[in-house]
Every structure is written in structure tokens, then in C-alpha cells.
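*Asks:* Structural data only, the sequence is not supplied:
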């Protein structure tokens, strides 16, 4: 096998109460990437479609993560990478993570799978760091492992796979506004009240328990963020309206996807997830802001080969 | 049935990474209480043995929680309460909680079990509040439910029962020093660094996952407290020495029990738990501080009838 085509999924990080550690994997929305083994040594980004991204290897997220693996293996061949980018950069649903994992996943397959999923995530962290200026894995891990992941620590890297209730669906609305990563970071407090912190980890522990026990009402009672959302939601116009509309129409919970501007909801069953989509659309339809929406089951497989 | 004798167990609250929400139930150490139905209406503390505690109903933790239930039921009878106190007040292993749950559990049995465990916990909170000047349930819940409990919220009261790995043992050392609750509280910061908070909830979520999956190595990697322990451990002489000795002798983790001064360790299997006990004893034997130690399996039953 000298060429492989893969689907690299979008992901939702933070998930309300799990800031910086929890994430889940989306289905139906993701990048398509072709990785090709070539004689000439090196990593070559030969095509980027969909969005205008650099093709210089060292300036491209997929290129940087590929280089990290390439240097570790030092094979007798090189790799060409073609990217059909469907996830808009800066949308908050793991666009850079999808690129970063796509190249290393594909190369690993072509090399005969020398690396496990955690090792792939570690290579991908190098690419993700190019986009976000820090090493984190909260979008990478769900893209590679699928389902819900808890990144227990980045150094050493440890990823836990949390069970996914069978009928859990995500609804995403992506308002087409730009939030600068620097601004989303600067708005966060460096110190937080101990009382709020206790509430948050109570919710986070409860959510982990609820995912293990398929307890949808408890998922609903746990999906609250009293630490980050009050600050970052200010950067997303109509956030409160969208959230309230989603909850009113049956969502288990709703919050900022990653650092935004996308907003996610979780629902039990596809019907409710679609009702929530309609409710979210209704809010933004009354504004001048363009948007996309997606409804999908939680993707328990993660990144996959399509050809 | 007009009289019942019950065993009301000691408990460990906080459990390193789960400050204010997590707790577990001990075995072999606990108070013995006799609850007796009498014709005369009211709640009467007729005997307190072991430690010098008030027998006025309104000044006794067991009396106050009993009154809360009594007023809710308004029965045609009264109740006498005898307490054989084995858990030293102020030891940090849920002495007041054992008293608070004992009376309501016993009365509930004699009344034909009108209340469920969550309702019993809610009555007991009233008694616990007399001792600690605030309404919390992190010792009450494990005493009533047994095993590990996560108090998701106090108002409304919601208790989650977390699975207990089969071979999990606790070792407790109780150095006979006094820590004033007010001091243990005053030493806590009101604001905590966001970075530490993320570490803590990552550990807490991981611990919940580890308890669900019987993953002892992950329990070990999760039992860390970067928020509370650095402050409160200063109030416990030789805390660091005890903790390091416990870890060196095979403990999965070690930390302050409640607000101290007791120190708990968790171990896989009774042999390790006993080695840890010996290691803890070695540390305090070299000091002038008197101490007690206990080794027991995690008590999954909780409070129980003994006669």
C-alpha cells in the first residue's frame, strides 16, 4: 500500500465542565486527506483545497506533525500530503487538530502501524502547537481515539477513553465570526474562586460517572461551566440566546466548543438533536451573522481510512 | 421492634483530589448507637459513653439530626438515643457525621423506613451543621450509602454512588493533636490558580473513571491534591514524612482525611495496607505525638443494624 485516503474528524473540546481535558469526536464533518509514499525523502504538502493554508511543510500543521513522526522513524522514503480541508480554520471544532492527526495517522498506516494511538497523539501535538502556540491534546485525542477522551496529562501524555452512551448526538452551530486565540486566552482569569472550582469538579466527576452509567438526566445536570463560559461567552454574539434555545428544545446541555465561536449541544437521540439545530438556527437567522450547523452521532471510531 | 442497635461507621472525606465532594466509608471503626422507641414524645439523649459530649438534644449532633426527622414525621412516640462513641471528635474521620446519621438511620428503621438514603442524609446534614457550622454531606453520604460517594450538590441534595474496586483497603493514622475547624478553614485560599484547578479536575475525573474500571495504577496516578493539601498539610506535623513513607511502602495514594489531623492511604490488598500502617507508625513512633491507626476494607454497606 503506497497511498491512503483518510477522514479526519472535527472534535469538540472542553465540553462545558471539562475545560482543557475533555473532548469528543464528531461524525460527518471532517477533513479528507490523502497520504502517499514517495521515493524522494521528506514531507511534502502537495495540495491544500478548501481553505487558503500554507503548503510549506514547516508552516503547515499537518506538515509539522508529519515531520515529528518522520524524524522519529527516519524511513527510506518520503510522504506527500494532500488536504481537502472541510473544517474552517478558527471555527472551534478542531480544524488544526484534524490536520495534525490526519498526516500522522496516514503515515503510520503506510509504515505498517509502528505507533499506537497515544504515540500518534504525541506526534500530532507538535503540529497542533504550531496553530495554538501551546502543547495540548484536547482536540487531538478525540480525533484519534474517537468517543469521549480525557487527557489526564500532556507530559507524559496520558489519554483515557470514557464510554459513550449509545444514543448521544451532538448539534453544532458555527457562527462565521473570528475569535482570536490570543483574545480567548487573555479573557480567562488566572485565579478562580475556590467555591466555583468545587462546583466545577463536582460537575466534571459527575459527568464522567454519568457517561459510565448511561445516565442522561445526570449528563444534563452535569453539563455546566461556571469557570470559563462566563468569560468566553462574551466573545460570541447571541451565545446566551442560542444556549437557552437549545435547552428549551430538549438539549442535555450546551456550551462553547473549544474556544469558540462554535457552540455545541448534546442531546439524547437524533430527533432532539435536530430540534435543537432548528432552535439554534432560529436565533442566528434573525442576525446578520452567517453560520453553519451540523448534527451527528458521537463518533466512537475517530479518524478512519476511507480508501 | 422498639429498639435497635446500629454500627455507624467512620468515613474519609475529600480523598485527595475530591475536596468537598468525594468520600468513602470505613469498616471496623465506628460508633455504636442504640435507638429506642418510647411513649413520651420527644428526642432524648439518654447516654453518651466514650467521649464527653452534651446530652442536651439541641446541643448534640445526633439529637439535632434526630429532631429534624422527628419534626418532619411528628410521630405519636418519642425516641431515646444511647451513644457509644468510638470515633474521637475532631479526628477528621467523620465523628460528628457518624453521630448525625446514626440517630436518623435508627429512627427510620423503627418507623418502618419511610425515608430513602438521600432523605436520611438530608436530615443528618442538620446535625452535621451543628458540629461544622456549615451544611455539607461529604462524610454523611459515605456513612449512609457506603462505598465511595460523590455529593454532586447539597441543595438540592444529590448523592452519586461510585463503584468500589474489590480489593481496595484504607489505612488511617490519627495523630492525637487538635486542629481547629476555624483554622483549617482560614488557611484555605479564596482564589486558586486556574492551572492548578485544571490539574485537580483532571485527576478527579480520572479517579472516577479509575474506580469504574478497577484501574489501580490510574487510581495511584489520580490521588493527588494540588489545591488543598499544600495549605492544610502545614497544620499536621510530619505529614510529608507519613505520606512519603506510605507511598514508599506501596500505597496508591495518601492525603489528609477531611480537614485532618488524620491521614489516610489507599492500597490494593490488605498486605500492602498493613505495610503502609507499619510505615506510618514508624514515622510517628519517633515523635512525642500519640496516635491510633486503623486498617480496613472499604465498607460498601455503610451504616448497619447490629442487633
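*Replies:* That came through fine. The model shown is predicted, which means the values in this text are computed figures rather than measured ones. Numbers count the residues shown, from 1 in each chain, chains lettered A, B, ... in the order given.

*Asks:* C-alpha only now, for contacts and for neighbours.
*Replies:* Will do.

*Asks:* Not counting stretch A:146-158 itself, show me its contacts.
*Replies:* A:21-25, A:118, A:122, A:135-138, A:141-142, A:159-164, A:298-303, B:202-203, B:205-206 (CA atoms under 8 Å, 6 or more residues apart in numbering or on different chains).

*Asks:* Pull out the buried members of these.
*Replies:* Buried subset of the contacts of stretch A:146-158 (neighbour count, 16 or more other CA atoms under 10 Å in any protein chain shown): A:21-25, A:118, A:122, A:135-138, A:141-142, A:159-164, A:298-303, B:202-203, B:205-206.

*Asks:* which helices and strands does the biggest strand by length in chain A pack with?
*Replies:* When chain A is parsed with DSSP state E, its longest strand is strand A:22-38. Applying 3 or more CA pairs under 8 Å, 6 or more residues apart in numbering or on different chains; DSSP states H and E, we find strand A:22-38 packed against strand A:3-13, strand A:78-84, helix A:95-110, helix A:140-145, strand A:148-153, strand A:291-297.

*Asks:* Right, and chain B sits closest to which residue of the stretch 1-150 of chain A?
*Replies:* Checking the stretch 1-150 of chain A residue by residue against chain B with CA to the nearest CA singles out residue A:21 as nearest, at 6.4 Å.

*Asks:* how about the helices in the stretch 201-307 of chain A?
*Replies:* Listed in chain order, the helices of the stretch 201-307 of chain A (DSSP state H, counting those that start in this stretch) span A:216-222, A:229-232, A:239-248, A:270-285.

*Asks:* Now do the third one: everything it contacts.
*Replies:* To tie it back to what came earlier, the one meant is helix A:239-248. Helix A:239-248 is contacted from outside by A:233, A:253-255, A:263, A:265, A:276-277, A:279-280, A:283-284, using CA under 8 Å, 6+ apart.

*Asks:* Tell me the one of those residues nearest chain B?
*Replies:* residue A:253 (16.7 Å).

*Asks:* What residues are recorded as beta-bridge partners of that closest one?
*Replies:* Per DSSP bridges, the residues bridged to residue A:253 are residue A:266.

*Asks:* now swap in residue A:45 and tell me
*Replies:* According to DSSP bridges, the residues that bridge with residue A:45 are residue A:81.

*Asks:* Was I right to think it contacts residue A:84?
*Replies:* No: judged on CA atoms under 8 Å, residue A:45 makes no contact with residue A:84 at a distance of 11.5 Å.

*Asks:* Looking at those two now, which is surrounded by more residues?
*Replies:* residue A:45 (20 against 17; other CA atoms under 10 Å in any protein chain shown).

*Asks:* Next, the contact list for that one, please.
*Replies:* A:55-57, A:63, A:80-83.

*Asks:* Now do residue A:76: how many residues are near it, please.
*Replies:* Residues near residue A:76, counting by other CA under 10 Å: 10.

*Asks:* before we move on, which element is it in?
*Replies:* Remark: residue A:76 resides in no helix or strand, with elements defined by DSSP states H and E.

*Asks:* who are the neighbours in contact with it?
*Replies:* Applying CA under 8 Å, 6+ apart, we find residue A:76 in contact with A:39, A:41.

*Asks:* quick check, the helix or strand of chain A with the lowest mean pLDDT touching chain B?
*Replies:* Lowest on mean pLDDT, DSSP states H and E among the helices and strands of chain A sits helix A:181-186, with a mean of 84. No: Helix A:181-186 is not in contact with chain B by CA under 8 Å from any CA of the partner chain; minimum separation 11.9 Å.

*Asks:* Residues touching the next helix or strand along the chain from that helix, excluding its own?
*Replies:* With elements assigned by DSSP H and E, the helix or strand that comes after helix A:181-186 is strand A:191-193. For strand A:191-193, the external contacting residues (CA under 8 Å, 6+ apart) are A:227, B:190-194.

*Asks:* try it again with 7 Å
*Replies:* In this structure, residues lying in contact with strand A:191-193 by CA atoms under 7 Å, 6 or more residues apart in numbering or on different chains are B:190-194.

*Asks:* Centre of the chain to it, how far?
*Replies:* With CA atoms, centre = their mean, to the nearest Å as the basis, strand A:191-193 stands 26 Å off its chain's centre.

*Asks:* Please spell out which residues along it are buried.
*Replies:* residue A:192.

*Asks:* ok, and for stretch A:29-46, which residues are buried?
*Replies:* So, applying 16+ other CA under 10 Å, buried residues of stretch A:29-46: A:29-38, A:42-45.

*Asks:* distance between the ends of that stretch?
*Replies:* 23 Å (CA to CA, to the nearest Å).

*Asks:* Please identify the most buried of the helices and strands packed on strand A:22-38.
*Replies:* helix A:140-145 (a mean of 32; mean count of other CA atoms under 10 Å in any protein chain shown).

*Asks:* name the helices or strands packed onto that one?
*Replies:* Other elements packing on helix A:140-145 under the criterion 3 or more CA pairs under 7 Å, 6 or more residues apart in numbering or on different chains; DSSP states H and E are strand A:3-13, strand A:22-38, helix A:95-110, helix A:117-132, strand A:148-153.

*Asks:* again, only using 10 Å
*Replies:* Under the contact definition 3 or more CA pairs under 10 Å, 6 or more residues apart in numbering or on different chains; DSSP states H and E, helix A:140-145 sits against strand A:3-13, strand A:22-38, helix A:95-110, helix A:117-132, strand A:148-153, strand A:158-162.

*Asks:* Which residues of the stretch 201-307 of chain A lie near chain B?
*Replies:* A:201-213, A:218, A:221-222, A:227-228 (CA under 10 Å from any CA of the partner chain).

*Asks:* give me that answer again for 8 Å
*Replies:* A:201-206, A:208-209, A:212.

*Asks:* Contact partners for residue A:167?
*Replies:* Contacts of residue A:167 (CA under 8 Å, 6+ apart): A:268-270, A:297.

*Asks:* how about the residues you listed in JSON lines, adding pLDDT?
*Replies:* Below are those laid out as JSON lines (pLDDT from 0 to 100):
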{"residue": "A:268", "pLDDT": "98"}
{"residue": "A:269", "pLDDT": "98"}
{"residue": "A:270", "pLDDT": "98"}
{"residue": "A:297", "pLDDT": "97"}
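
*Asks:* Tell me which two of these sit farthest apart.
*Replies:* A:268 and A:297 (9.8 Å; CA to CA).

*Asks:* who touches both of the two?
*Replies:* Contacts common to residue A:268 and residue A:297, judged by CA under 8 Å, 6+ apart, are A:167-169.

*Asks:* Looking at the residues you listed, spot the one nearest chain B.
*Replies:* Chain B has its nearest neighbour among these in residue A:168, at 19.0 Å by CA to the nearest CA.

*Asks:* Quick one: neighbours of that closest one, just the number.
*Replies:* Residues near residue A:168, counting by other CA under 10 Å: 19.
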